[in-house]
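In: For reference, the sequence and a predicted model appear below.
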Amino acid sequence: MRFSEDKHGGDPCAEYDFSVNISPLGMSGAVFDACVSALGRADRYPDPYCTALRAALSAKEGVPAENILAGNGAAELIYAYAAAHAGERAAVLSPTFSEYANAVHAFGGKAEHVYGFSAAERAVRGGASTVFVCAPNNPDGGMPSRKEIFSLACTCAEYGSTLFVDACFYDFVDEPAFTLPELLALQNVLVLQALTKSCALAGVRLGYLMGDAAVLREISVKLQPWNVSALAQAAGVAAAVDTKYFERMRETVRTERAFLEQTLRRAGYAPRPSRANFLLFEGEEDLAARLKERGIAIRICTDFVGLTPAEGKQYYRIGVRPHAENEALAAALSEEKKR
């Protein structure tokens with residue numbers, strides 16, 4: 001149980017849960033079978049080095065296995081990085097995921113919210129040792145241009161700062177402006193990835209950090225031993241090599257995101273352009289409560305610093321779900337519009 005007031009979405013009581021942003025395809029059959037098979041070895045400790053997993057992720061990402069550090073979800077690795085840089089000052093390109101700032105604060109550091117890449121570069125010149133960038137960004141799905149991200153990376157390298165890129169939604173992007181190996185070829189860059197979102201492994205927990213091997217070793221000492229379960233490692237190996245799943249997932253997200261964009265516009269809302277599997281829009285402050293009465297949960301975005309709605313309004317995020325669920329949301333919004 002979390003004792004802080006912020007929420008990250010997920011409503012087990014909702015019939016249709018749009019507050020989460022995982023793959024609409026759900027867990028693949030191959031990953032399910034791998035998890036079931038791993039249960040037969042659950043009486044043994046997992047591989048502490050995640051050898052097979054890192055090999056599979058290496059093939060998926062085009063990055064040497066020695067440059068990959070696995071974790072029990074992306075959040076564990078964010079906190080491990082913050083622990084390795086306790087007390088330091090960081091800049092967070094905002095509005096974005098709250099755990100970057102939370103992790104920095106948890107280990108005695110200072111997190112400054114900055115708005116725009118020019119402001120992020122000024123923060124680096126002003127002494128920020130780390131810049132956190134989410135690409136695509138959560139909660140709006142915006143993707144930085146190649147020029148923006150490479151310019152910031154060069155500034156970080158010049159001033160000895162780290163560019164920490166959270167790419168957990170990268171696998172949803174069609175035709176990205178840059179590849180992750182291209183980013184990792186630059187100095188002082190770390191890239192965070194996860195299969196939680198793209199492969200619907202939220203309950204399994206599996207993330208990985210990519211970067212310089214020596215830097216990853218410094219972070220790894222902040223992790224608990226055997227932090228990645230045997231089940232998660234088996235799931236990750238199966239997911240990483242399932243290229244057809246990623247192709248179907250991106251196609252489904254592209255089609256269903258367009259459907260939801262039209263749905264929101266018909267209901268009188270203006271969703272922001274998104275390259276990810278979710279949409280951000282501004283609506284009436286009681287919209288979430290009204291939809292909840294219809295068994296539909298949407299993400300209320302009150303914990304995103306810098307996301308300030310107009311008076312009487314609220315920002316919401318909806319995840320791309322299977323078509324039948326998206327149609328249920330469309331019907332509910334149509335009925336609400338008539339009220």
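Out: Arrived safely. Just so we're clear, the structure is a prediction, and the values are computed from it rather than from any experiment.
In: how is this structure carved up into domains?
Out: Following automatic domain parsing, the chain resolves into domains at 16-25+244-338, 29-241.
In: Pipe these into JSON lines and attach mean neighbour count and mean pLDDT per row.
Out: From N, CA and C alone the C-beta is placed, and that goes for glycine too. Below are these laid out as JSON lines (neighbours: other Cβ atoms under 10 Å; pLDDT from 0 to 100):
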{"stretch": "domain 16-25+244-338", "mean neighbour count": "18", "mean pLDDT": "97"}
{"stretch": "domain 29-241", "mean neighbour count": "19", "mean pLDDT": "97"}
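In: want to throw the ones you listed into CSV with distance to residue 10?
Out: Formatted as CSV, these follow (distance: least, Cβ to Cβ, whole Å):
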stretch, distance to residue 10
domain 16-25+244-338, 5
domain 29-241, 8
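In: Following element in sequence after the longest helix seen in the chain, please.
Out: Counting residues, the longest helix in the chain under DSSP state H turns out to be helix 243-266. Using DSSP states H and E, the helix or strand that follows helix 243-266 towards the C-terminus is strand 278-284.
In: Report the strands that pair with that next one, each with its relative direction.
Out: Each strand paired with strand 278-284, and its direction, by DSSP bridges: strand 313-319 (antiparallel).
In: How about residues contacting the partner strand?
Out: Contacting residues not belonging to strand 313-319 are listed as 9, 17-22, 24, 139, 260, 264, 277-285, 287-288, 298-302, 304, 307, 309, 329 [Cβ atoms under 8 Å, 6 or more residues apart in numbering].
In: In terms of helices and strands, where is the closest residue to residue 208 other than its chain neighbours?
Out: Excluding its sequence neighbours, the residue lying closest to residue 208 (Cβ to Cβ, 6 or more residues apart in numbering) is residue 70, at 4.9 Å. Assigned by DSSP H and E, residue 70 belongs to strand 68-71.
In: what are the pairing partners of that strand, and which direction each?
Out: Strand 68-71 is paired, per DSSP bridges, with strand 207-210 (antiparallel).
In: What is the distance between the strand it pairs with and the centre of its chain?
Out: Remark: strand 207-210 is offset 12 Å from the chain centroid, using Cα atoms, centre = their mean, to the nearest Å.
In: next helix or strand past that strand?
Out: Next along the chain after strand 207-210, taking DSSP H and E as the criterion, comes helix 213-220.
In: which strands and helices sit next to that following helix?
Out: Using 3 or more Cβ pairs under 8 Å, 6 or more residues apart in numbering; DSSP states H and E as the contact test, the elements touching helix 213-220 are strand 68-71, helix 74-84.
In: Distance to residue 230 for those - can I get that in TSV?
Out: What follows is these, written out as TSV (distance: least, Cβ to Cβ, whole Å):
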stretch	distance to residue 230
strand 68-71	12
helix 74-84	17
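In: Residue 104 belongs to a strand?
Out: No: when DSSP: H, G, I helix; E, B strand; the rest coil is applied, residue 104 is found to be helix, with no strand at that position.
In: So residue 66 versus residue 318, what's the distance?
Out: Using Cβ to Cβ, to the nearest Å, one gets 39 Å for the distance from residue 66 to residue 318.
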